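Student: Sequence first, predicted model second:
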Amino acid sequence: MSGFVFSEKPIRIERGEGPYLYDDSDTEFLDFGASYAVAAVGHCHPRVVEAAKDQLERLMFVQASYPNDTRDACYEKLATVAPDGLENVWLCNSGTEANEAALKFARSATGRQKIVATSRGFHGRTMGALAATWKQKYKKPFEPLAGAFEAVPYGDSEALSEAVDDETAAVIVEPIQGEGGINPAPEGYLETARERCDETGAALVFDEIQTGLGRTGEFWACEHDGVTPDVLTSAKGLASGLPLGATLCRDWVAENAGPHGSTFSGNPVVCAAANATLDVLVEEELTSHAAEMGAYLHEELEAAELPIRDVRGRGLMTGIEVKRGSNRLLKELALNHRVLALPAGRSVLRLLPPLVIEREHVDRVVEAIGDVVSTTAER
């Protein structure tokens, strides 16, 4: 029986390797979605697989109140790659949980309730994170949600400044919006958020669930703007597909975070996968590679002079705004060109490939996109 939560695609995936996925007839697909940026170092990277298998054979699980070397290593590695000052690490099972924890920590640490979020923002599907998410179709069936949330237009510094006041516990924002259409924060916007939070004592939370871990050409997208938040959340590619989220905090937040907990926090097997993933990202210099491949992808898309409205994003987080429905184009890419990509709303193709792609992969995708958008435009 099929699950009732997800609408299933007509491709049954059986295995993966590097930037490729293979279906049950062993047909090869070039994966330019990476399952929503999860396969950051490629599918089934040998170092990640070996690390998880080794840990699985020694200890599958022990609750986080018992110290464990593999979990401790994960704490240390995350603190090392985090922006300066974010040395406190809370581990959980998903991006939604990481954001949920961030909002709870901010309310506890400030003693306030109000949360300021943004239009077109996406922060998860649990009741707290969902309250900070913009799109009504995700929220309406589950109302009433957590209260004291206020949304302001993304990128509008004046509106943000007006909304953040002495009653604000946190501002939560994506440095580049993913689900909302691949929208980079305008110049100066994150700086305004930082300054206003400093003035009011609110916590600045950067949701880097999709933008982090080297995807944008910096390890964290906020580093492009030189702005460090009070809380930063990460997940998706952190453990190469095993369930792991992380909430990284400044001392003042961590010291007053309140009584939060999770049974599966810091599962040793998942932490082993995360340790290997982080090692691969750093040692194989995949952040700079993402910057190089992202620049090449944008150059080739612009040079192709395709019938599209816009190309935007940073590194290997790219949005292509098209003139026709994105879902139909994605279906044609998959079935006719064996290229997998993602939507970001009705009119944006979202490209989040593994950071290990090379120029030949970019060339294939640009050619495939050119074919489907040109064919569609002629209809």
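Tutor: Nice, I can see it.
Student: how distant is the longest helix anywhere in the chain from the center of its chain?
Tutor: Longest helix in the chain, counting residues (DSSP state H): helix 359-378. Centroid separation for helix 359-378 versus its chain: 25 Å, with CA atoms, centre = their mean, to the nearest Å.
Student: Same check on stretch 307-315?
Tutor: Counting by CA atoms, centre = their mean, stretch 307-315 comes out at 18 Å from the chain centroid.
Student: now stretch 182-195
Tutor: 17 Å.
Student: What residues sit buried inside it?
Tutor: Of the residues in stretch 182-195, 182-185, 189-190, 192-195 count as buried by neighbour count, 16 or more other CB atoms under 10 Å. C-betas here are computed from N, CA, C, even on glycine.
Student: Just confirm residue 15 is within a strand.
Tutor: Yes: counting by DSSP: H, G, I helix; E, B strand; the rest coil, residue 15 is located in a strand.
Student: Next, the residue nearest to it when sequence neighbours are not counted: secondary structure please.
Tutor: Leaving aside its sequence neighbours, residue 15 sits nearest to residue 22 (CB to CB, 6 or more residues apart in numbering; 5.0 Å). The local conformation at residue 22, judged by three-state DSSP, is strand.
Student: So in terms of bridging, what pairs with residue 22?
Tutor: residue 15, residue 28 (DSSP bridges).
Student: Find me the pLDDT at it, would you?
Tutor: Turning to residue 22, the model gives it a pLDDT of 98.
Student: Equivalent analysis for residue 379, please.
Tutor: pLDDT at residue 379 comes out at 55.
Student: ditto for residue 325
Tutor: We have a pLDDT of 86 for residue 325.
Student: Hmm, it is touching residue 347, no?
Tutor: Yes: Residue 325 is in contact with residue 347 according to CB atoms under 8 Å; the separation is 7.2 Å.
Student: what about those two, which has more around it?
Tutor: Counted by other CB atoms under 10 Å, residue 325 and residue 347 do not tie: residue 347 has more neighbours, with 20 against 13.
Student: Tell me how far the helix or strand containing residue 291 lies from the chain's centre.
Tutor: Using DSSP states H and E, residue 291 maps to helix 286-303. Chain-centre distance of helix 286-303: 19 Å, with CA atoms, centre = their mean.
Student: CA atoms of it as CSV?
Tutor: Output in CSV follows, covering the C-alpha atoms of helix 286-303 (Å, rounded to 0.1, in the frame of the first residue of the first chain):
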residue,chain,number,x,y,z
LEU,A,286,33.4,21.0,-2.0
THR,A,287,32.5,24.6,-0.9
SER,A,288,34.9,26.2,-3.4
HIS,A,289,33.9,23.5,-6.0
ALA,A,290,30.2,24.5,-5.5
ALA,A,291,31.2,28.1,-6.1
GLU,A,292,33.0,27.2,-9.3
MET,A,293,30.3,24.9,-10.7
GLY,A,294,27.6,27.3,-9.7
ALA,A,295,29.3,30.1,-11.6
TYR,A,296,29.7,27.9,-14.6
LEU,A,297,26.0,26.8,-14.4
HIS,A,298,24.8,30.4,-14.3
GLU,A,299,27.1,31.4,-17.2
GLU,A,300,26.0,28.6,-19.4
LEU,A,301,22.3,29.3,-18.7
GLU,A,302,22.7,32.9,-19.5
ALA,A,303,24.8,32.1,-22.6
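Student: ok, then the element right after it?
Tutor: Toward the C-terminus, helix 286-303 is succeeded by strand 308-314 as the next helix or strand (DSSP H and E).
Student: tell me the angle of that following strand relative to helix 286-303?
Tutor: Angle of strand 308-314 versus helix 286-303, following axes from the mean of the first three to the mean of the last three CA atoms, to 10 degrees, is 170 degrees.
Student: Return the list of helices and strands in contact with strand 308-314.
Tutor: Packing partners of strand 308-314 (3 or more CB pairs under 8 Å, 6 or more residues apart in numbering; DSSP states H and E): strand 183-184, helix 286-303, strand 317-322.
Student: where exactly do the strands run in the stretch 1-150 of the chain?
Tutor: Using DSSP state E, counting those that start in this stretch, the strands of the stretch 1-150 of the chain run over 13-17, 20-23, 28-31, 88-92, 114-118, 149-152.
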